[in-house]
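Enquirer: Below are the sequence and a predicted model; questions follow.
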Amino acid sequence: MKAREFWLLFFPSLVVMGGLLVLPLLRTIQWSLEEVHYGTPGTFVGLQNFVAALTDARFGRAALFTVVVTVITTIILLVLGYIVATGINRLTTSRPLVLGIMLVSYVLPNLVGAVAFSWLFDDNFGGVMNRLIGFFSGTQVLWFTDQVPNAVLVIANTVWHMLPFAMLIILAGLQGVPAELREAATIDGANAWQTHLSVIIPTIRGVLGFVTLITIMDVLRMFDNLIPLSPQAASIGNESIMMYVYSVAFADGAQKLGLGSAINVLTIILILVMLVPFIRGIFKEAKAER
Amino acid sequence: MTLPDLDLSTRAVTTGRPAVRGRAGTRPRRPVITGILLAILCVVVLSPFIWMTLSVTKPTDVAFANPPVLGGYEPTLKAFVDLWETTYFADYLVNTIVVAVVSTVIALAIGIPAAYALSRYPSYVSALLLVLALIFRALPRFAVVLPMYDISRALGIYDTTFALAIALVAINQPFTIWLLRNFFADIPRELDEAAMIDGCTRIGMLRRVMIPLMGPGILTAGIFVFLFAFQEYLTALVLTDTSSKTVPVFIATQLGQTLPMLQQAGAASMLLTIPVFVIAFIAQKYLVAGLSDGAVKG
Amino acid sequence: MTSRALPALALAIGAVLALTACGAGSRTDNENATKVSCSYKAPAEKTTVNVLAYNSSAIDPFTDTMIKSCTTDKVTLKHDPIDFGGQVTKTTATLAGDTGTYDILETYGFVIPGFAADKKLVPLNDLYDKYAADYGLDKISESMRAGMSYDGQLYAIPMQAQMYVMAYRTDIFKELGLEAPKTFDDMIAAAEKIKAAGKMQYPVALPWLATADVATSYGAAMNSLGADFATADGKVTLNTPEAKQALESLLALKPYMDPQVTTFDQPKVQQQLFNGTAAMAIMFSGRMIDLTKPENTKLSADFGFAGAPKLTADAKYSYNRLSIDGWSIPFNTKLDHDMLFQMMASAVSEDASKAAVPAAYPAREGMVTAKNSPYGEAANDSMASAMPPIVSPVLADVTNAIRPTLVDVLNGKISVDEGLAKMQAAGEQAAG
């Protein structure tokens, strides 16, 4: 393809991405080094915002909460996604129905799903789940004011929202496992558990890696579902990083836009660091293909 | 894996009939226990919606009663009627759909040529693209959206559906291009040349040959962009106010209201859920193709 | 087969629900709103006036009257439904820059000094003098106008007053031989009796939402003792014995309230009463009328109202906040101030105010009595026993600064003394 043709085709997309992704990013980096409000030029303060962010206990709590929830959610999603995908793999005629139902929680806006989810756990809205829990165990769980139950609630909602995604991808990956491999394992005397562990999972590890990657990326940025599920996030230490940025850089009239931008930059660095192993893997595979 | 292969394996995922014919004469047992467990799972997954449906169709005095009232009342659609008639829900819904449609159209219009152009480059470009797509997707959205807020206020396009739509186009471009590029890469280059021998320009060939061939791939990318725009809350929260408010933003502003208005918020949620339900069924195949394509081809 | 049937079914349901859309638009059939005369000089081109006001049974009559009466073919008044927290956020956002989204703001006495000092609201003295006669604005009580003024200028037209009113279950109280509580000790005694009778586990409910209302409750407790977070000249007074006593009184009530009370805004406290999980609640008067409506609850006939109680029998004032709600013009609106003022004035005219009773307690003299409002007598009692509000531009900032620590003390995370020290320090830093 001639270079001229390439640039002609690529140009509009490049303009949009450059103007609306790269430029704002540069602006955020600029703001992180300034003390600034919207609409007015800022004053340069060097690394002051970064120091403030890193010494802020609230940011530490937010980062800890976000990372812990991400790790736990990813593990649960991998295990549960694998189990459900294996189960669905056995169905034939009812599969589209089950897939369709399972997809609903993924396709709906995260916020709407979280609102519906929260109504089950709030006594002011009937609290159906609380009734069931009380019936079976006799204890009362404070889902919205205790830190750990609230974290469990958030994790449960995130898993509920992302399970269809994980399950679908793993299901697709399972299609690529040759039947002969499974048969060979059975012939060798492996039971179901061993077959899964030693044969199937290693075969689909690329797919599992992909699920892990996307889950980590998405859950690290969680925001929408915390609005209904954790209205007191700040006071119980269950803020996510994005919630903290929102409250610091936007909600209260953006008093601390510089600080918020510094936190954004720190988060970008954090995410890039977590992505490095995956990026290296991708480049390695690309090289191998060549 | 070529496009027909992908189609076959997608069908394999959604229907369970193997892409490669298995040994003749082997019929698996009907998986009863699995079926029951999955049925329970489906009910659990749907339970928040079931509860919300019940709550918004009850008269206000029993809607949020504790202990929950499960019968003995007359279901009513008053919450829906009130939602349509006393709030600007119609506007919000129109805004949401307009933003999603405009995003999709623009995203495809600029993404298809770009993806095609990139697909004709060697595979390390693909790896680079994937990395970039991942990085941009992984970015904390505020890092991009807050400056957009500033710029849109300065330009006077704050609180317009256009600003929100174009913001979403940009945010989802890397993923869109990567997805489309993978589909394009399956179409052999010889086809390009064959079409151009007849005197077609590159762009003409793109229009008349490639795009029809790419039908399923484009549909898949379109559905994804539509869904991403439709689900968006954070960007809409920052970039809209009264004129271009979308339904998720509206629902979030109702969380501290009194009973009747909470029911209306629930009604709004149900009105969003139902078309989504339909999409999930009809567009299953395309969603699977898009999701699995990325995973399997990586 | 099933996979086709389900989407078809869903589409059908969707169509039915969409049919309820016939009539999509903005109907305001509020029975407490009315149409009044609203004449103003309209601009030449089509205009939209954006009104920011939260929804509640007390504010809606005035908002709806304004929308109904002042909308013409050329001029549309637009009011998006929004909850109180949303209004607070949007008010800050719209006043932050040179251009804003809203043209008429609902404001209340607590935030007026801060906004006025920052020059975020349009001073209304001139417009008031111009239009007072036309809209009968001089009948608005003098003290309420003072409550919405700062530094000699009026910054909002008062529409209504809100004060804490106690709502309680008359049936339960009668059954157990209890009288309406007059002090916090009475409340505790009543709660003990209700618990002992096995009726409710947490008979008391107060709006203690950790991100907003809880600080108002603490302020009300201090007001009962004749103090507040700061004095009129900006000195922070959280290291005083009154501050400690108020905090301890609140803590004494906590065991009788739901453990998740720090998630309760006023609608949730209403919910507690509706569900019969609480027997006593103290909230702003604007939330009282909902308790008497049969469409909200089966218990609507069982609620009685009393004036706000005192912290102790010898306290000077009651546990109370007198809040005046009104309409303001933001400094950055592009529309004609005259027109906006006339719209706001028409919404608080005599007819509008009369129609708003009993949902609201209008700012005009003598509108609410025991006869025309189920909680009228309680509201008047509360008004009489409330401490006159302290006007200081630092109060809002101090309140925001101390709120997180206050929540920690009430949740038992830190001790009272430690909490007071932290709050004093935070308050002093915020007051600057």
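Expert: Perfect, thanks for sending it.

Enquirer: So what's the predicted local confidence for C:Leu9?
Expert: pLDDT recorded at C:Leu9 is 69.

Enquirer: now B:Tyr121
Expert: For B:Tyr121, pLDDT reads 73.

Enquirer: Can you verify it is assigned to a strand?
Expert: No. Read with DSSP: H, G, I helix; E, B strand; the rest coil, B:Tyr121 is coil and lies in no strand.

Enquirer: who's in contact with the residue nearest to the spatial centre of chain A?
Expert: Closest residue to the average C-alpha location of chain A: A:Val219 at 1.8 Å, with Cα atoms, centre = their mean. By Cβ atoms under 8 Å, 6 or more residues apart in numbering or on different chains, the residues touching A:Val219 are A:66, A:69-70, A:73-74, A:158, A:162. All C-beta atoms are positioned from the backbone trio N, CA, C, and that covers glycine.

Enquirer: go with 7 Å
Expert: A:69-70, A:73-74, A:158 (Cβ atoms under 7 Å, 6 or more residues apart in numbering or on different chains).

Enquirer: among those residues, which are in strands?
Expert: For the contacts of A:Val219, not one is inside strands, with DSSP state E as the criterion.

Enquirer: The residue nearest to the centre of chain A and chain C, how far apart?
Expert: 24 Å (Cβ to the nearest Cβ, to the nearest Å).

Enquirer: burial count for the closest residue to chain B within the stretch 51-200 of chain A?
Expert: Scanning the stretch 51-200 of chain A for the residue nearest chain B gives A:Ala172, at 3.0 Å (criterion: Cβ to the nearest Cβ). By other Cβ atoms under 10 Å in any protein chain shown, the residues close to A:Ala172 number 26.

Enquirer: Wait, a helix at it?
Expert: Yes. Counting by three-state DSSP, A:Ala172 is part of a helix.

Enquirer: Give the closest residue to the residue nearest to the centre of chain A in space, chain neighbours not counted.
Expert: In this structure, A:Val219 finds its nearest non-sequential neighbour in A:Thr70, 4.4 Å apart by Cβ to Cβ, 6 or more residues apart in numbering or on different chains.

Enquirer: my read: that neighbour touches A:Arg221, true?
Expert: No. If you go by Cβ atoms under 7 Å, A:Thr70 and A:Arg221 don't touch, sitting 9.5 Å apart.

Enquirer: Packing partners of the helix or strand containing B:Ala165?
Expert: B:Ala165 belongs to helix B:161-185 when elements are defined using DSSP states H and E. Packed against helix B:161-185 by the contact rule (3 or more Cβ pairs under 7 Å, 6 or more residues apart in numbering or on different chains; DSSP states H and E) you find helix A:3-17, helix B:89-119, helix B:123-138, helix B:142-155, helix B:215-231, helix B:234-239, helix B:284-297.

Enquirer: So for the longest one, what gets flagged as buried?
Expert: It refers to helix B:89-119. B:89-104, B:106-108, B:110-119 (16 or more other Cβ atoms under 10 Å in any protein chain shown).

Enquirer: quick one: is stretch B:225-238 near chain A?
Expert: Yes. For stretch B:225-238 and chain A, the contact criterion (Cβ under 7 Å from any Cβ of the partner chain) is met by B:227, B:230-231, B:233-234, B:238.

Enquirer: Quick one: end-to-end distance for that stretch.
Expert: 20 Å (Cα to Cα, to the nearest Å).
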